[in-house]
Every structure is written in structure tokens, then in C-alpha cells.
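J.: Any chance you can model this:
(one chain, ligands or ions: 1)
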Amino acid sequence: MEILDPALQAYLDAHIDAEAPELQKINRDTHLKVLKPNMLSGHYQGRILSMFSKMMQPKLILEIGTFTGYSAICLAEGLAEGGVLHTIEVNAEMEEMLNSHFKSTNVDKKIKLHIGPAERIIADIQHNNFDIVFIDADKRNNLTYFELVFDKVRPGGLIIIDNVLWKGKVYGNENDADTVNIRKLNDHIAVNTKVEKLILPVRDGLLMIRKK
Ligand SMILES: C[S@@+](CC[C@H](N)C(=O)[O-])C[C@H]1O[C@@H](n2cnc3c(N)ncnc32)[C@H](O)[C@@H]1O
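T.: Residues are numbered from 1 along each chain as shown. Next comes the predicted model:
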């Protein structure tokens, strides 16, 4: 199930900034060459990530789940002078493609790619003042990642979690493992008094969490 009516989405897409040629190419290459291309954030969500990042002018961003690099590039567009985006991808086969995608943009030098499992790499990253964290990897571990990164985010920092509406299954009767885990995450965040939260019904649901 699409969250937004396709006609509404088409209207939205036609009334926002056009997709930059280098992002268009990554989008196209992903659909031609990579399995499950719909995991990519895509144009509309990419502009949302870019807009939030530009408004916050972060010095430090962490992304969990790089895939083909689309969302990393969009988030990196807003980095302040000297800022860095760390992004973690478990699939080593993506490394060559990712390096070429990053090189095709003007944010290449600001992106540090880590290949390996997120849990281990988050523990190794020494920073404790991330301005933005984007969680978009294996969905069943969303709550684990939220808990692992929480102390590494500065007060006022933003944690964004993707796919929290899970094609509408979280508010339906489905009880498969992923749906149950995402529901558990949403319920946990809803009553967490250390954060302010908002779910944007965009694409597959973006949970915006601001650390108090
Ligand atoms: C939904 S895709 C990310 C999409 C990307 N953020 C974007 O919007 O263009 C999820 C990615 O997370 C990676 N992943 C899955 N489990 C992981 C783990 N434990 N550690 C790091 N990355 C993981 C997958 O290999 C996949 O490339």
C-alpha cells in the first residue's frame, strides 16, 4: 500500500526542485543494476532530508544503511563548512559502486564510508555530538540502533528513522516479525519523554525524533 495517493505524489514531485543530474543517474543506475531498488530514498524523500540538513547546518551526521548512497548525498548537501557525514553499509559488494557514486557529486570529500555491521561500527565511532542520525538499515534493529546512538547525539539533535509506517502494516492487523518490531519501536518512541517526536506520512513514513 502506498501511503500517499499516487496522483498527490505526482503533483508533489512536479512542484518541488528538480532532481539534480548526478542524483538522477544514481537513481537510474540503482534501478538498472541493484536488487530491491525501491530501498532507495528517492527524489521527494531525498529533498526532505536535504532540506532538514540545510536548516540544521550540521557538522556531524551519521547514517545507518548506505545502500547506493542516495540519501547520504542528500543529507551531506546541508553539512556546515568542515562537516562530515559517516555512513555505514554492511554489504561490502556495494563499496565500489558507492565510491563511484560519491565521486560523481560535490560532497564526495565530506562523506566517510564504513563497511561493516552497524552495531560494531557505531561502537567504534568515537564522536558523541552528532547533529543528525538517519537510521535506514535492517528494520528489525531500529530500536537497538536508536538506543546505541542516543548518547552520541547532542541535545537538540535529530534522529530520523525511515519506514516506520511499513506500507501501512503498523496500523493494520499484520503480525509478521518486521511489522511487530516497527510497531514496538513506534510505541516506545511515543512515550519516551526524553525526545519530541513526529511521524511524517511521506513515502513509507519518516519518524522525526528531536533529543531534548
Ligand atoms: C533501505 S536500504 C538504505 C537506503 C538508503 N539509506 C537510501 O535511502 O538511499 C538499507 C541498507 O542497509 C544495509 N544494512 C542492512 N543491515 C545492516 C547492518 N546490520 N549494518 C549496516 N548496514 C546494514 C543494507 O545492506 C542496505 O543497503
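
J.: which phi and psi does Gly156 have?
T.: Dihedral pair for Gly156: phi 90, psi -10, per degrees, to the nearest 10.

J.: Can you get me a residue count around Ala20?
T.: 17 (other CB atoms under 10 Å). The C-beta positions use only the backbone N, C-alpha and C, and glycine is treated the same way.

J.: Three-state assignment for the residue in the chain sticking out farthest from the centre, please.
T.: Distance from the centre of the chain peaks at Asn173, with 26.4 Å (CA atoms, centre = their mean). Assigned with DSSP: H, G, I helix; E, B strand; the rest coil, Asn173 falls in the coil class.

J.: residues contacting it?
T.: The contact partners of Asn173, taken as CB atoms under 8 Å, 6 or more residues apart in numbering, number zero.

J.: and it, how far is that from the ligand?
T.: According to CB to the nearest ligand atom, to the nearest Å, Asn173 and the ligand sit 25 Å apart.

J.: again, but for Asp17
T.: From Asp17 to the ligand the distance is 18 Å (CB to the nearest ligand atom).

J.: again with Glu89
T.: For Glu89 relative to the ligand (CB to the nearest ligand atom), the value is 5 Å.

J.: Show me what that residue is bridged to.
T.: Beta bridges link Glu89 to Ile115 when assigned by DSSP bridges.

J.: wait, what's in contact with it?
T.: Gly65, Thr66, Phe67, Glu95, Leu98, Leu113, His114, Ile115.

J.: So the last one is in contact with Glu95, correct?
T.: Yes - taking CB atoms under 8 Å as the contact criterion, Ile115 and Glu95 are neighbours in contact, 5.6 Å apart.

J.: Specify which residue of these two has the higher count of neighbours.
T.: Ile115 (16 against 13).
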